[in-house]
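1. Quick check, what structure comes out for this input:
(chains A, B and C)
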Amino acid sequence: MIPAQFDYVRPDSLAEACAELGSDEDAKVLAGGQSLMPLLRLRLAYPSKLIDIGRLDALKGVHDRGDHLFIGALATHDEVMRSPLVTAACPLLALAAGHVADPATRHLGTFGGSLAHADPAADLPAAVLALDGVLVAASAQGEREIPAARFFVDYLETSLRQGEILSGVKIPKLGPGWGFHYEKFVRTAQAWAVVGVAVAVKRSNGSIAEARIGLTNMGATPLRAHAAEAALRGVELGDQVRQACEEAAAGSSPPADLHAQPDYRRHLARVLTHRAVRAAAGSP
Amino acid sequence: MSVQEVGRPRRRKEDARLLTGRTRWTDNLTRPGLLHVMFLRSPMAHAAISRVDVSGARGLPGVVAAFSGQDFAAEQGSLPCAWPRAADTVIPEHPPMAVSGVRYVGEAVACVVATDRYRAADALEAIEIDYEPLPAVLDMERALAGDSPKVHETGNRAFDFTSTHGDVEAAFRDAPVVIDRTYVQQRLIPNAMEPRSVLCDTDGETYTMWSATQIPHILKVMLAMVTGVPEHTLRVIAPDVGGGFGSKLQVTPEEVLCLLLARKLGRPVKWTESRSEGNLTVHHGRDQIQRIRLAADADGRVRGLQVRLLADMGAYLALLTPAVPLLGAQMFNAIYKMDAYEFACTGVFTTKMPTDAYRGAGRPEATFGIERIMDELAAELRMDPLEVRRRNWIRQEEFPYTTISGLTYDSGNYEAATDRATALFGYDKLRAEQADRRDKGDPVQLGIGVSTYTEMCGLAPSRWFGSNNAGAGGWEHGSVRVLPTGKVEVITGSTPHGQGHVTAWSQIAADALGVPFEDVSVLYGDTAIAPKGLDTYGSRSLTIGGIAVLKACEKVRDKARRLAAHLLECSPDDIEFEAGAFRVRGTESQKTLQELALAAFTGHDLPEGVEARLDSDATFDPENFSFPHGTHLCAVEVDTETGMVRIRSYVAVDDVGKVVNPLIVDGQIHGGIAQGVAQALFEEAVYDADGNLLTTTMADYLLPSAADLPDFTLDRTESPATSNPLGVKGVGEAGTIASTPAVVNAIVDALRPYGVNDVRMPCTPERVWRALGAEGVRR
Amino acid sequence: MAMRFEHEFTVPVPIEQAWAVLLDVERVAPCLPGATLDIFEGDEFTGRMKVKVGPITVTYRGSARFEDVDKDSYALTIQASGKEARGSGTASATVKARMRPAGEATLVTVETSFNVTGRPAQFGRGVMAEVGGRLIERFAGNLAALLSESTVEQVGPLQEQDAAPDRDRAQGPEQDRVQDREQDQGRGPEQGSAQGSAQGSAQGSEQGGGQEERHLSAVPAPEQDVRPAGTLRTSLSPDEEALDLLEIAGRPLLKRLAPVAGALVALLAIVWVIRRLMR
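-> Sure, this is the predicted structure:
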């Protein structure tokens, strides 16, 4: 397949990019192109214009901002996966980024692009949701901060407004005592997650003080497994963990596709959450 | 010449060029004034075409022409079916471009020719077509019911084929054990690395076609027959071709239409498929429903086998469509002795992409059926699956052995291959671990799968093809020229698309002529350069084409011997050949091949009856097939909580006869196993209830990569073939044929304690989980 | 790719009134997001429908006609078909709407079956299922809202330019509230039965599931009654030119029950149909 015609601009500044985006409702932002290009090639997307933000240095890199990390929207999955800052402060992101597709995609695809595309089967949204990340949207009006819980609105839809570009994500540092795991269930290594579970667990005296669980591909958006989180609070590490994780699929509405039916996805969510929680808690 | 080349693990001559991008894929080629073709494809599985209006496309920028099927109706002919094996085969009209109706999603209905692909793609959107939808026909069993909508006016039955050997009724009567199973061979989509591509140019009188094809020679003949373009004005070139697996063993609508477009427009045209277009329109593979009944004695001895196949033809009969399932007719009995065997197959038309040869072509399906049901017999009798096989297979001392289905297996040693495989696998230890896990109720269960396969291979004997109603034979041609400087050019009619012919043929010629491996080049794939040939498929290149090259070398040697005798003034019988030199026996007097080549080139002093140039050619047509065999063992871990299957270890011991290049053989086995594992675990072409193909992208049609596969442990045993002088058997399909049942047998073996005796392919985690019961198994 | 949807809802108005509204093209057509009417000609009516989700856009052009309108049993059936404006795919739909009195209220049943071909139908990952499910959901929700309105005389000229900003302002805070509420309520304990019924209401060609009914709560009137009169625009407002999922999520009344399994695109036809109906 070959894309239909589109205009192409490569702004030199974020302001310019926002202005371009704000002036054309059919324009699309191009970052790493790992989600958009296939849609163009299949002619499922007909943007009037691509705004290539790939050279905006302001959106690059991972930065330590004291109580949080700021991950630029243009940081590639590979950078996130290897960043010492990420590995030290929020290793869950590095774990999830390491599961994105294949090495070629990880070198081109961007952290911000994956979040803005908002595919519920993508790995990073659930991890950012579990970490209570805050997404920063830039526009001509300045910056707006959107908690991850309010960012993912529906299938491929975010709360970004026209003219807004995701510039980066603030990830709060969780401090000591936390463990992390991303459990991805795939049929082939580079495939989309059938189900994925991103977990952050705080241990205290052999019990789970707090658990945060993000679910991949269990609904039209990434989800938090609130019921399981609640059920896990205060649970002693051991057999009771499994029972608490039975709540993992509560409130989800997983899709049916060629790879799995909803009931199977719910089952997987329970099993994988249990495994992820145990792994995150360092529990055998 | 001290080192023998045949048998050496030579690195492939082809690879440096291929790996560094200095390739000649068809899509890389261009011609002055080249135009680009794109095809509009039917979104309907089954419909009448009531209106086609291409005028909207014609005026667009860069558009040179736009045509509908009507524009080709008078000249496009009907695509060929070259092997209607069953006498009653119905061959429907198969227009390259649909004229009055469509019968599968993806069928070409119009085309645009433009100055670049982008403009052509845009212009496709301006073509208007009205369809009157007709009911899709998708399910083979329902398609055969009397009230089914018809794919063709003649109905949905393409053929019925039956062959019976021995007294089947007697074999089943009073049999202590009868196993009755139905297996589904899902539809697969071949995915070669290089998508299909065609370029056709003309000078007004002659036509040159470059195509990513396995079969330039057959294509040339067929293009002439289909379109009426005189055969002597056609030249077909298969440049570098990046894989085929049978999918490029075809005369495609696009090839015919590109020829017609070049003729209409008088300009060069090129078409290259996109990957999703390829998934829709490259011919598909497999797609059978197999009902298999096996009768046995209480000790496990097989009495009889009854096979009833439904084979999905798709919408039309492509080049070999109806013949593919019938290659199973003599293969279901496999390596086993039995008293009676009945094979029946009905070909069924459906509104889907036609099926045709895909790596193994009929033999993987047959091997799967018999190897699966042999495991079922073992389970029924509570015997080890290897023991059941031992009790039934042809013993080493019984070769040559004529099977119940009438083939004569020339050589083989199933005991040796199996013994080697079980040793490498650690069979007994794994069985012990399996028992332990079962006892403990381990959530991860271990399964062991066995596959002791054989295949009829080296598709060749022309006589056999003729007696089975094929449109062509199976010989192969090779020629050899020793150039005036002593270097050697080999021309082969067997057209490689990844098999390493250049390397292997160099090894054969180097040994036969006593020249360095490096001094041999191999030419192929161009009907003007290698005018005679029947191309590459069915694991036939080495066993037929390689032997033709060997025989041509021997003829050159004979000619050189006569020339040497003449120049050295002795009888040819006194000349001995060693290390590239022709010496008078017992003397130092000799002529090197190079000297003789130069002498033959100058022609100054040739003996009576010896023509200038040191060259010759040969055609080889064997008397029999070859029969590679082997034992593949697979251990899988099944996570009973999720249904996930992980291959833990895989051992393949193959007997492919003499080996010319072990690296190439190992590569073929590796790729073959991967492809067979893919059928077992990952791949399936899925049509929805309206006949839309859902698996048009790799997000949905899952191909495994190295990350999804274990290390393979490979070894070989060697029972040379007797049907050719090198003793080679062919290896291109072995891995694919053997591995699918090995993997599925392993999965079923793991799940047997849970009452499972089959999991439909591909054995996805969800299918495995559901087989375990809705909620899986909790610890 | 064929799908069936069945929506059933009760509107708090008498059947005669609801039936009159259902026959009023000018009011019903805007219920389908992203639709534009182009030409009315004799019995034939053509329109366009743009479906947009994230970067994905599919536009259909099509026409519709009635099979029958039965005043006595308050039932009508419409056949519609369309083609992709770009691309070779097609969409066709059959919509059967039926009303029954339920005391002072009216029970409305809308059965939609449709069929999509071409590129949007050629994916196993549920892109178009998501989109199609949303669209029909949205239409049914809007229709329920419309039929529930107590008055039918609000039709007036529309100030399109103003409508969008006003509406944005009006909806901003509301939207946030809704999202909050969804977070609080929607993620509670396992909602097994709700999920089951959601799946059942949309039956994909391959996926199983019964055809259970879905009940949408009846809806209060939108904050602003934007209705085109005498124009070809039929969307509720300019920013509904395409299906906008953000808005769906932002509207309490149309709160998505659950994604619809196996659903597909096709949509569109309904509006054409209805438009035609009223002519």
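2. C-alpha from now on. contacts and neighbour counts both.
-> Will do.
3. Just give the nearest non-adjacent residue to B:K13, would you?
-> B:T503 (5.5 Å; CA to CA, 6 or more residues apart in numbering or on different chains).
4. burial of that neighbour, as a residue count?
-> The local packing count at B:T503 equals 23, with neighbours defined by other CA atoms under 10 Å in any protein chain shown.
5. how much space between it and chain A?
-> Applying CA to the nearest CA, to the nearest Å, the value for B:T503 to chain A is 32 Å.
6. B:Q594 now?
-> 51 Å.
7. element containing that residue, please.
-> helix B:593-602 (DSSP states H and E).
8. Now do that helix: which elements does it pack against?
-> The contact analysis (3 or more CA pairs under 8 Å, 6 or more residues apart in numbering or on different chains; DSSP states H and E) places helix B:593-602 against helix B:547-568, strand B:614-620.
9. Give me the buried positions along it.
-> For helix B:593-602, a neighbour-count test (16 or more other CA atoms under 10 Å in any protein chain shown) marks B:L593, B:Q594, B:E595, B:L596, B:A597, B:L598, B:A599, B:A600, B:F601 as buried.
10. Now do that helix and strand B:614-620, the angle between them.
-> Between helix B:593-602 and strand B:614-620, the angle formed by their directions is 100 degrees, by axes from the mean of the first three to the mean of the last three CA atoms, to 10 degrees.
11. chain center to helix B:593-602: distance?
-> For helix B:593-602, the gap between its own C-alpha mean and the chain's C-alpha mean amounts to 41 Å (CA atoms, centre = their mean, to the nearest Å).
12. can you list contacts of it?
-> The contact list for helix B:593-602 (CA atoms under 8 Å, 6 or more residues apart in numbering or on different chains) reads B:482-487, B:513, B:560, B:563-564, B:580-582, B:605-606, B:611-614.
13. and the angle from it to helix B:547-568?
-> Between helix B:593-602 and helix B:547-568, the angle formed by their directions is 80 degrees, by the same axes, to 10 degrees.
14. and helix B:593-602, average pLDDT?
-> Averaged over helix B:593-602, pLDDT sits at 97.
15. Convert the C-alpha atoms of it to CSV, please.
-> Written as CSV, here are the backbone C-alpha positions of helix B:593-602 (Å, rounded to 0.1, in the frame of the first residue of the first chain):
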residue,chain,number,x,y,z
LEU,B,593,41.7,-29.0,-18.4
GLN,B,594,42.7,-25.5,-19.1
GLU,B,595,45.0,-26.5,-21.9
LEU,B,596,42.3,-28.6,-23.4
ALA,B,597,39.8,-25.8,-23.1
LEU,B,598,42.0,-23.5,-24.9
ALA,B,599,42.7,-26.2,-27.6
ALA,B,600,39.0,-26.7,-28.0
PHE,B,601,38.5,-23.0,-28.2
THR,B,602,41.1,-22.5,-31.0
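16. Give me the subset of the contacts of helix B:593-602 lying in strands.
-> Residues of the contacts of helix B:593-602 located in strands (DSSP state E): B:V482, B:A581, B:F582, B:L614.
17. circling back to that earlier point, just want the phi and psi numbers for the residue nearest to B:K13.
-> For B:T503, the backbone dihedrals (degrees, to the nearest 10) come out as phi -70, psi -50.
18. And the pLDDT for it?
-> For B:T503, the model assigns a pLDDT of 98.
19. my read: A:T110 touches A:T76, true?
-> Yes - counting by CA atoms under 8 Å, A:T110 does reach A:T76; the two are 4.1 Å apart.
20. Overlap in contacts, these two.
-> A:G32.
21. Now a ChimeraX select for only the buried ones of the contacts of helix B:593-602.
-> Selection of buried members from the contacts of helix B:593-602 for ChimeraX, criterion 16+ other CA under 10 Å:
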select /B:482,483,484,486,487,513,560,563,564,580,581,582,606,612,613,614
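22. what does the stretch 151-284 of chain A put close to chain B?
-> Where the stretch 151-284 of chain A comes near chain B, counting by CA under 8 Å from any CA of the partner chain, the residues are A:R187, A:T188, A:A189, A:A191, A:W192, A:L258, A:H259, A:A260, A:Y264, A:H267, A:L268, A:V271.
23. I'd like these laid out as a markdown table, including secondary structure and pLDDT.
-> Formatted as a markdown table, the entries for those read as follows, by DSSP: H, G, I helix; E, B strand; the rest coil; pLDDT from 0 to 100:
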| residue | secondary structure | pLDDT |
| --- | --- | --- |
| A:R187 | coil | 95 |
| A:T188 | coil | 95 |
| A:A189 | coil | 93 |
| A:A191 | coil | 92 |
| A:W192 | coil | 93 |
| A:L258 | coil | 91 |
| A:H259 | coil | 92 |
| A:A260 | coil | 94 |
| A:Y264 | helix | 97 |
| A:H267 | helix | 97 |
| A:L268 | helix | 98 |
| A:V271 | helix | 98 |
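24. how deep is B:T206 tucked in, by neighbour count?
-> Neighbouring residues of B:T206 were enumerated by other CA under 10 Å; the total is 15.
25. pLDDT weak spots in chain A?
-> Screening chain A residue by residue with the criterion pLDDT under 70, one finds the ranges A:1, A:284.
26. So the residue minimising distance to the centre of it, which state does it fall into?
-> Within chain A, the residue whose C-alpha comes closest to the C-alpha centroid is A:P125; the distance, by CA atoms, centre = their mean, is 1.7 Å. Using DSSP: H, G, I helix; E, B strand; the rest coil, the secondary structure recorded for A:P125 is helix.
27. Excluding chain neighbours, what is closest to it?
-> Nearest-residue entry for A:P125: A:L115, 5.6 Å, with adjacent residues in sequence omitted and distances by CA to CA, 6+ apart.
28. Which helix or which strand is home to the one you found?
-> Taking DSSP H and E as the definition, A:L115 sits inside helix A:111-117.
29. got it, and B:W271?
-> Per DSSP H and E, B:W271 falls inside strand B:269-272.
30. Would you mind identifying the next helix or strand past that strand?
-> Following strand B:269-272 in sequence order, the next helix or strand is helix B:275-281 (DSSP H and E).
31. can I see the domain layout of the chain?
-> Chain wasn't specified; assuming chain A. Segmentation of chain A into domains, based on automatic domain parsing, reads A:7-52, A:57-172, A:181-280.
32. nope, chain B
-> Domain assignment for chain B by automatic domain parsing gives B:17-134+B:193-243+B:248-281, B:363-456+B:625-771, B:475-620.
33. nearest to B:P149, of these?
-> Distances from B:P149 to each of the domains of chain B were compared using CA to CA; the shortest belongs to domain B:17-134+B:193-243+B:248-281, at 8.4 Å.
34. Pull up the distance across the closest one, start to finish.
-> Its first and final residues considered, domain B:17-134+B:193-243+B:248-281 spans 30 Å by CA to CA, to the nearest Å.
35. can you check stretch A:168-187 too?
-> By CA to CA, one end of stretch A:168-187 lies 31 Å from the other end.
36. isn't A:I146 right up against A:A137?
-> Yes - in terms of CA under 8 Å, A:I146 counts as a neighbour of A:A137; the distance is 7.4 Å.
37. Enumerate every residue touching the nearest residue to A:L223 once chain neighbours are set aside.
-> Using CA to CA, 6+ apart and skipping the chain neighbours, the partner closest in space to A:L223 is A:L215 (5.1 Å). Going by CA under 8 Å, 6+ apart, A:L215 touches A:A126, A:V195, A:G196, A:V197, A:A198, A:P222, A:L223, A:R224, A:A225, A:A269.
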